[in-house]
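Participant: pasting the sequence and the predicted coordinates here, then a few questions.
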Amino acid sequence: MSAENNQQSGEQLLLNLQRGTPFIKVKEESRKTHERTFSVNKEATVLSYRPSKKGWKARYRIEDIKEVRVGHETDTFKARSGYPKETCFSVIVGVNNKTINLVARSADDAKIWIEGLKFAMRHSQAIDIHKQQQVWIRDYFLKADTNNDGTLDFDECFKLLKKMNMKIERSHAKHLFKEADVKKSQTASGKVVENRLDIDEFVAFYKKITNRTEIKELFKKYSGDDDYWTASEFTKFMHESQKRLDVKEEWCLNVIEKYEQKEVCRQKKILSYDGFVLFMLGPNGLVFNPYHDSVYQDMTQPLTHYFIASSHNTYLLSDQLRGPSSTEAYIKALQKGCRCVELDIWDGPDNEPVVYHGHTLTSKILFRDIIEVINKYAFVASQYPVILSLENHCSVPQQQVMANIMQTILGDQIYKEPVKADEKDPPSPEALKGKILIKGKKLKVEDEDDGDVSDEDEAADIENVEDEEVRQQLESSKKKKSKKLKLAKDLSMLVCLCKSVHFHNFKESAEKYKFYEMSSFGESKAMDLAKHSGELYNEHNKKFLSRTYPAGWRTNSSNYCPCPLWNAGCAIVALNYQTHGEEMDLYLGKFKQNGNSGYILKPVFMREEGLKFDPEKPSAEYKKKLRFKIISGQQLPKPKGSKEIIDPFVKVSIYDMNQEIDAKTEVVENNGFNPQWNHDMEFDVKVPELALVRFTVYDYDMSSKNDFIGQYTIPVASLQLGYGHVPLYSSTEEKFIEATLFVHVTLE
């Protein structure tokens, strides 16, 4: 089928979606079902359903849809399999994988919607920054149009400004409204009305309200006496302000062609102010270096030379004692770029191994189901190797089942190459692309059959449990437990590059460890080694993989700060991915670099023999001066549930060699829409290659704790110099579409 026919077919699908279709909506949390009519808007940018008491919350941006799963592919449908598979599908939305489970009246209806939504998703990914802005503005228009007549009067517009967190004099707003009201508007019913704005007039009104004086001043600095930039002036801006000395005029001409919206300017190869604003809202106008948004590091070095994104007790969705286990937790982690996931496997009924947090009351899921999910999602976010960290507590027969399940489902993806006698280093991430490495215990080479190995049980470290039922379960399980485990040869043979061994001391590991052997360290032990033996720990970690995991007392699935262990060279610093907060922000922020591939090349002083590095006493040669000017904020949201306009301030934190250094702006009262700070900050960064910077916006409260608004964390080494926007993320890691900070960065 030709591209033109494909497009026509896709547009026909969208027409069907726009008309609306009734579905049974199956709720995740309960056994309730409701009939709802789902539809997609004319622009194919929003999915919504009715009827709903949620109002605006019953709408989902198409660009936020991550995938459409066909059949019974979610926990909800697996638990309630009475619906015919061919009529079922699930829409997965947002970074936290909100699941909308739908049952169509017929298989044909389901097929139309599955294909239509996939087409709409591809369409949304192709929308440029200018069209995205139009979508955002249209969303604001729809929010304000409370009577759904297709027009807005002044009161509706003024209420919207308050919702948008902007305090503005009513008389000034009225003046801007009148300037935008240039024609008689027509309502949805066809009635001609005055003193109301239609969508086009509202766009003009919105642009007047959102005028960026700080960007206008920056544009004028290089435009001279006229109101446009030539390619030469654009190049000068990129060299002087942005320190992008690699930029040539040809690059600037390509940018003008991409971002300039006025045909006359494109023909003259000049950039207008509106085109410059769009450029500054694109990838090259962010504080994150766009070059780091793809894999840019050398991926051919030994595996031990990389930091690897890793999850602890991946199967859990909440706490460590009673919480649910779910295959969805593996999907979420892998989609975020995680490359090392954990499975605690125990004997299950009907000779089917199960995964759960041993000795506790967490729910159980089939080992087989997890392996099927890993097979499907392992290489969606990254092609670099995935490590399955097996904590095996099974009998030999069920270990044989485990081995058979992995070999049947994962097949040749499992790395099974025997170690050669002359090998001294593990293969590289590049050489291991598309491979799955099994981490676990391994029998000695000379063992011809099943044999005994020491049992590693992290769940046995759980302490300070107040829940009496869980405490009794723990004590009972520990009494029955043996320190030795009989290991099936079939399972042992799958462990090649990640053999688990017990750590005694650095002298012994240096003398006896093989490159494919690795140890796991509890949080307390790892932090102690990092603080008091940082140089030795780094030397150890040049040659061997080290995995660290949260302390047993963190039964609520809280996390430790990963920075001290990265500073000590630990490759696999495992965190509870299900727990949002500062620690996870730092984690995801660090792994934004190198294309979110889950692998980050360590600095040269953490890789090369002969170069010593002690995180407690780093050499002064690495030190640099980092300066920020926090200029302004744009469309900062209110805290959840708040109706008041916020009083925002910005806190900038540098995480550098086991210390956190903070600086804050002053508070701007009653303005979350376009606050201006123009506040200068300066930091001495000891080791920029390892440091992280976190921007946090708060709503100041004189009488109680300041409310968190949003944050953004990236490596200092990934900062783009010059002027740039800082996108903001919520406390649950969801990106605010319009909210940003505008800053200037220097590093010298």
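Facilitator: That came through fine. As the structure is a prediction and not an experimental result, all values here were calculated from the model.
Participant: buried residues, the longest helix along the chain. List them.
Facilitator: Assignment by DSSP state H gives helix 107-125 as the longest helix of the chain. Using 16 or more other CB atoms under 10 Å as the test for burial, helix 107-125 gives 109-117, 119-121, 123-124. C-beta here means a position set from N, CA and C on the backbone, and glycine is covered the same way.
Participant: give me the mean pLDDT for it.
Facilitator: Confidence for helix 107-125, expressed as mean pLDDT, is 93.
Participant: over to stretch 560-576?
Facilitator: 98.
Participant: got it, and stretch 611-624?
Facilitator: For stretch 611-624, the per-residue pLDDT averages 94.
Participant: what's that stretch in contact with?
Facilitator: 530-531, 534-535, 538-539, 564, 567-569, 604-606, 657-658, 684-689, 747-748 (CB atoms under 8 Å, 6 or more residues apart in numbering).
Participant: so of those residues, which ones are in helices?
Facilitator: Counting by DSSP H, the contacts of stretch 611-624 contribute 530-531, 534-535, 538-539, 564, 567 to helices.
Participant: considering those residues, which possesses the most neighbours?
Facilitator: Neighbour counts for those (other CB atoms under 10 Å) peak at Asn567, which has 26 neighbours.
Participant: gap between the closest residue to that residue other than its chain neighbours and Ala691?
Facilitator: Using CB to CB, 6 or more residues apart in numbering and skipping residues adjacent in sequence, the residue nearest Asn567 is Pro615, 3.9 Å away. Counting by CB to CB, to the nearest Å, the gap from Pro615 to Ala691 is 12 Å.
Participant: okay, and the common contacts of these two?
Facilitator: By the contact definition CB under 8 Å, 6+ apart, Pro615 and Ala691 are jointly contacted by Met657.
Participant: hey, where'd the helices end up in the stretch 501-650 of the chain?
Facilitator: With helices called from DSSP state H, counting those that start in this stretch, the stretch 501-650 of the chain shows them at 506-512, 523-532, 534-543, 563-567, 582-590.
Participant: packed most tightly, which of those would that be?
Facilitator: helix 563-567 (a mean of 25; mean count of other CB atoms under 10 Å).
Participant: tell me how far it is from the chain's mean position?
Facilitator: 20 Å (CA atoms, centre = their mean, to the nearest Å).
Participant: quick one: contacts of it?
Facilitator: With contact meaning CB under 8 Å, 6+ apart, helix 563-567 is reached by 307, 526-527, 530-531, 534, 548, 573, 586, 590, 615, 655, 657-658, 687, 690, 692.
Participant: switch to 7 Å and redo it
Facilitator: 307, 526-527, 530, 548, 573, 586, 615, 655, 657-658, 690, 692 (CB atoms under 7 Å, 6 or more residues apart in numbering).
Participant: now swap in stretch 111-121 and tell me
Facilitator: Stretch 111-121 has contacts (CB under 7 Å, 6+ apart) with 10, 13-14, 16-17, 21, 40, 44, 62, 65, 68, 70, 89, 91, 104.
Participant: buried subset of those residues as a PyMOL selection?
Facilitator: To isolate the buried ones among those in PyMOL, judged by 16+ other CB under 10 Å, type:
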select buried, resi 10+13+14+16+17+21+40+44+62+65+68+89+91+104
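Participant: now for the contacts of stretch 111-121: which two are most distant?
Facilitator: Ala44 and Val70 (20.3 Å; CB to CB).
Participant: now the helices of the stretch 501-650 of the chain in TSV, with distance to Lys258?
Facilitator: Converted to TSV, these look like this (distance: least, CB to CB, whole Å):
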stretch	distance to Lys258
helix 506-512	53
helix 523-532	46
helix 534-543	44
helix 563-567	37
helix 582-590	28
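Participant: first-to-last residue distance for stretch 183-201?
Facilitator: Taking CA to CA, to the nearest Å, stretch 183-201 runs 8 Å from one end to the other.
Participant: residue boundaries of the helices in the stretch 251-400 of the chain?
Facilitator: Here the stretch 251-400 of the chain has its helices, by DSSP H, counting those that start in this stretch, at 263-268, 273-280, 327-335, 367-377, 396-410.
Participant: got the buried residues for the first one?
Facilitator: Pointing back at helix 263-268 there. 265-266.
Participant: that older thread, which of the ones in helices among the contacts of stretch 611-624 sit farthest apart?
Facilitator: Glu539 and Pro564 (16.6 Å).
Participant: what does the model give the residue nearest to the spatial centre of the chain for pLDDT?
Facilitator: By CA atoms, centre = their mean, the chain has its centre lying nearest to Lys336, at 5.2 Å. Looking at Lys336, its pLDDT stands at 96.
Participant: identify the bridge partners of Glu67.
Facilitator: Using DSSP bridges, the beta-bridge partners of Glu67 come out as Ile92.
Participant: okay, it and Phe89: tell me how far apart.
Facilitator: 10 Å.
Participant: so what touches the strand of greatest length in the chain?
Facilitator: Longest strand of the chain, by residue count under DSSP state E: strand 735-747. Residues from elsewhere that reach strand 735-747, judged by CB under 7 Å, 6+ apart: 136, 214, 287, 624, 626-637, 650, 688, 695, 710, 719, 721-730.
Participant: just the buried members of the residues you listed?
Facilitator: Burial by neighbour count, judged by 16+ other CB under 10 Å, picks out 136, 287, 624, 626, 628, 630-637, 650, 688, 695, 710, 719, 721-730 from the contacts of strand 735-747.
Participant: restricted to strands, list the residues you listed.
Facilitator: Using DSSP E, the buried ones among the contacts of strand 735-747 in strands are 624, 626, 628, 630-634, 650, 695, 710, 722-729.
Participant: point out where the stretch 1-150 of the chain drops to low pLDDT.
Facilitator: The stretch 1-150 of the chain contains residues with pLDDT under 70 at 1-8, 30, 53-57, 127-134, 136.
Participant: again, only using 80
Facilitator: Counting by pLDDT under 80, the stretch 1-150 of the chain has low-confidence residues at 1-8, 28-32, 51-58, 81, 125-140, 142-144, 146-148.
Participant: could I get the full set of helices for it?
Facilitator: 3-19, 75-79, 107-125, 129-144.
Participant: returning to what we had before: could you dump the contacts of helix 563-567 to CSV with distance to Val341?
Facilitator: Shown next, in CSV, are the contacts of helix 563-567 (distance: CB to CB, whole Å):
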residue, distance to Val341
Phe307, 16
Ala526, 19
Met527, 23
Ala530, 24
Thr548, 15
Val573, 14
Leu586, 20
Pro615, 28
Tyr655, 25
Met657, 30
Asn658, 28
Leu690, 25
Leu692, 24
